[in-house]
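S.K.: sequence and predicted structure below; questions after.
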Amino acid sequence: MQRDLFEDTDDDKIKLRDGAFLLKSFALPFEQELMKAIHSIAADAPFRHMMTPGGRKMSVAITNCGLAGWISDKKGYRYDHFDPLSSKAWPKMPLELLSLAKQAAEKTEFSNFSPNSCLINRYEPGARLTLHQDKDEGDFSQPIVSVSIGLPAKFLFGGLNRSDKALRTPLTHGDVVVWGGVSRLAYHGIDKLKEGQHELAGSYRYNLTFRSTEKIDNLR
Ligand code: MD3
Ligand code: FE
């Protein structure tokens, strides 16, 4: 990676920008738990390609766990307590995953992170996420913690305006990134995923994002 672009803070805590920290390989000790959790969540709430409000099918397949799940349909983007496929509550957030997210936030500059939502993205080769901001949560005082599993991807990290030049950095299996403070509303995206085989995740990349949403009824 382009190390010279970044300021090293300690061994495996790399500051990408103010408020944004890459914890290289931080989730490796949790890889088995993470894969088990992904499969068990997907057994209850399968990965699906949601429609954007504009009527396009997302190339990334998603599911959720926790009290709130991110959804998209022709009415817009929002969080809901219930999986629209089953009308059941989203699967519970596994405690080991909650603990991983809290530990990661703690290692940077965010204490008392208490996510109530975890969005799980599944990328197959060719899938991508165009530059966007995460602003459906209502609460921007808390960071977002992201965990990457499986195939590597190229992450695009822009500024507060869509036209700001984006940094590019690889995200590989086990990487955790914490995004808060002035980076919380930065534009970001993922380049088209390349083909590959990963020993745990096969031909996929998974990304889990732990989020803290405002009370959902205020967001509907
Ligand atoms: C920077 N996911 O789910 S994680 C998303 O790898 C999303 O699947 C990407 O963007 C993925 O919304 C990127 C990294 C990430 C997540 C949230 C952020 C970066 C962020 C929020 C603010 C700034
Ligand atoms: Fe995002």
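M.R.: Structure's in. What do you need? Ligands and ions are numbered 1, 2, ... in the order given.
S.K.: what is the neighbour count of residue 75?
M.R.: Counted with other C-beta atoms under 10 Å, residues neighbouring residue 75 total 8. For the C-beta atoms, the positions are set from N, CA and C on the backbone; glycine is no exception.
S.K.: need the helices for this protein, in chain order.
M.R.: 31-44, 95-107 (DSSP state H).
S.K.: what's the angle from the longest one to helix 95-107?
M.R.: Using axes from the mean of the first three to the mean of the last three C-alpha atoms, to 10 degrees, the direction of helix 31-44 lies 130 degrees away from that of helix 95-107.
S.K.: ok, back up a step: for ligand 1, find the nearest of the helices of the chain.
M.R.: Ligand 1 sits nearest to helix 95-107 of all those, at 12.3 Å, using C-beta to the nearest ligand atom.
S.K.: could you export that closest one as PDB, CA atoms only?
M.R.: C-alpha atoms of helix 95-107 as PDB (Å, rounded to 0.1, in the frame of the first residue of the first chain):
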ATOM      1  CA  LEU A  95     -21.800 -11.200  21.400                       C
ATOM      2  CA  GLU A  96     -18.300 -12.000  20.100                       C
ATOM      3  CA  LEU A  97     -18.900  -9.700  17.100                       C
ATOM      4  CA  LEU A  98     -20.200  -6.900  19.300                       C
ATOM      5  CA  SER A  99     -17.100  -7.300  21.500                       C
ATOM      6  CA  LEU A 100     -14.800  -7.200  18.500                       C
ATOM      7  CA  ALA A 101     -16.400  -3.900  17.300                       C
ATOM      8  CA  LYS A 102     -16.200  -2.400  20.800                       C
ATOM      9  CA  GLN A 103     -12.500  -3.400  21.200                       C
ATOM     10  CA  ALA A 104     -11.600  -1.900  17.800                       C
ATOM     11  CA  ALA A 105     -13.400   1.400  18.600                       C
ATOM     12  CA  GLU A 106     -11.600   1.500  22.000                       C
ATOM     13  CA  LYS A 107      -8.200   1.000  20.400                       C
END
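S.K.: just checking, what packs against that helix?
M.R.: Judged by 3 or more C-beta pairs under 8 Å, 6 or more residues apart in numbering; DSSP states H and E, the packing partners of helix 95-107 are strand 20-23, helix 31-44, strand 144-150, strand 176-179, strand 205-211.
S.K.: reformat these as CSV; add mean pLDDT, distance to ligand 1 and mean neighbour count.
M.R.: Formatted as CSV, the helices and strands packed on helix 95-107 follow (pLDDT from 0 to 100; distance: least, C-beta to the nearest ligand atom, whole Å; neighbours: other C-beta atoms under 10 Å):
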stretch, mean pLDDT, distance to ligand 1, mean neighbour count
strand 20-23, 97, 7, 23
helix 31-44, 98, 13, 16
strand 144-150, 98, 4, 26
strand 176-179, 97, 4, 27
strand 205-211, 98, 3, 24
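S.K.: gap between the two ends of stretch 169-178?
M.R.: Using C-alpha to C-alpha, to the nearest Å, one end of stretch 169-178 lies 14 Å from the other.
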